[in-house]
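J.: the sequence isn't on hand, but the structure is:
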């Protein structure tokens, strides 16, 4: 069965026209020393037969960051596939008023160290940052980069973000 995720990609536009997106560095021991390709759109898995993609994306935003998702009109950027077959539906919203300084990251448990029989808790993400779209392309995992291209197209006037 294909894994399905949904996420929110807040963006903001500076006075000089620079567009930034909110991205999250993946938590846990595998990602701690990595930067390029170790960041993600705030997202999580859901069952499309039981939950709408936007509802799942908003729920996951709360769970992973401990913050309410931005108010505003959401637009679906599309559904993007990873080389593994996993699929992510990404929603965009103007996050100009989103303050992430109070983020409290959700946690997960896993056996650590491997084959030790011990379980340890790690944050799902260990930091979030606003970064310009060029830098975000370097940071995000490969399968999510097309969402940035789509956001760029929308903001360039080919379409306008709307629900």
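T.: Yes, it's here. None of the values given here were measured: they were computed from a predicted structure. Residues are numbered from 1 along each chain as shown.
J.: for stretch 1-15, which positions count as buried?
T.: Neighbour-count burial for stretch 1-15 flags 4, 5, 6, 7, 8, 9, 10, 11, 12 (criterion: 16 or more other C-beta atoms under 10 Å). For glycine as for every other residue, the C-beta is placed from the backbone atoms N, C-alpha and C.
J.: in contact with the spatially most central residue of the chain, which residues?
T.: For the chain, the residue sitting closest to the mean C-alpha position, by C-alpha atoms, centre = their mean, is residue 41 at 1.5 Å. By C-beta atoms under 8 Å, 6 or more residues apart in numbering, the contact set of residue 41 is 7, 8, 9, 23, 24, 88, 90, 140, 144, 147.
J.: out of the buried residues of stretch 1-15, which one sits closest to residue 154?
T.: Nearest to residue 154 out of those is residue 11 (C-beta to C-beta; 9.4 Å).
J.: name the nearest residue to that closest one, ignoring sequence neighbours.
T.: residue 21 (5.0 Å; C-beta to C-beta, 6 or more residues apart in numbering).
J.: residue contacts, that neighbour?
T.: With contact set as C-beta under 8 Å, 6+ apart, residue 21 has these partners: 9, 10, 11, 130, 131, 133, 136, 148, 151.
J.: helices - which of those residues land there?
T.: 133, 136, 148, 151 (DSSP state H).
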